[in-house]
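Asker: what follows is a protein structure lacking sequence information:
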């Protein structure tokens, strides 16, 4: 079971040869789940969790640290099922969110559900997925601003007060407030 950190960070890094990650990560299996996501619209920038960075350091995986981000700035809205299955994997979800240059992510369904309540035919750039160890693949809506989250979730949730309270509590107003790695 993963331990909760008081001040968890997410890290941007580059690596000379990304195949080194594929070779190194299987060595970390006994230590937990290793996560590194390529940042959208980059050739060589990745974002990872503190646990994965520490495993990379212990195994002497060479990388160039670019910047770090406070994971508490990234907001997650769970459904009851996603919280049950992914509660111990929030840093990985936050790293996935940051790789999309987003500030918040909301679970909007499980793959295979007949009626998700939104239309993917308009495009899938604003969506991602994460498969839980239990096997469910959850569909997530990415948000680059608090206003975008409010617009979508007001329509999606039917103005549910809990959802709207979550939106108001998103720590950042937009992705422009992220530390970044440049």
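Answerer: Yep, it's here. Since the model is a prediction, treat every value here as computed from it, not as a measurement.

Asker: any idea how many residues pack against the nearest residue to residue 137 once chain neighbours are set aside?
Answerer: Nearest residue to residue 137, sequence neighbours excluded (CB to CB, 6 or more residues apart in numbering): residue 111, at 4.0 Å. Heads up, the C-betas are built off the backbone N, CA and C, glycines and all. By other CB atoms under 10 Å, 11 other residues sit near residue 111.

Asker: and residue 12, bridged to which residues?
Answerer: Taking DSSP bridges as the rule, residue 12 bridges to residue 47, residue 67.

Asker: for it, give me its contacts.
Answerer: Applying CB atoms under 8 Å, 6 or more residues apart in numbering to residue 12 gives the contacts 39, 45-47, 65-69, 180-181.

Asker: by neighbours, which of those residues wins?
Answerer: Neighbour tally across the contacts of residue 12 (other CB under 10 Å): the maximum, 28 neighbours, falls on residue 47.

Asker: looking at it, that residue is touching residue 98, isn't it?
Answerer: Yes: Residue 47 lies in contact with residue 98 (CB atoms under 8 Å); the separation is 4.9 Å.

Asker: circling back to that earlier point, okay, the residue nearest to residue 137: pLDDT?
Answerer: With respect to pLDDT, residue 111 has a value of 80.
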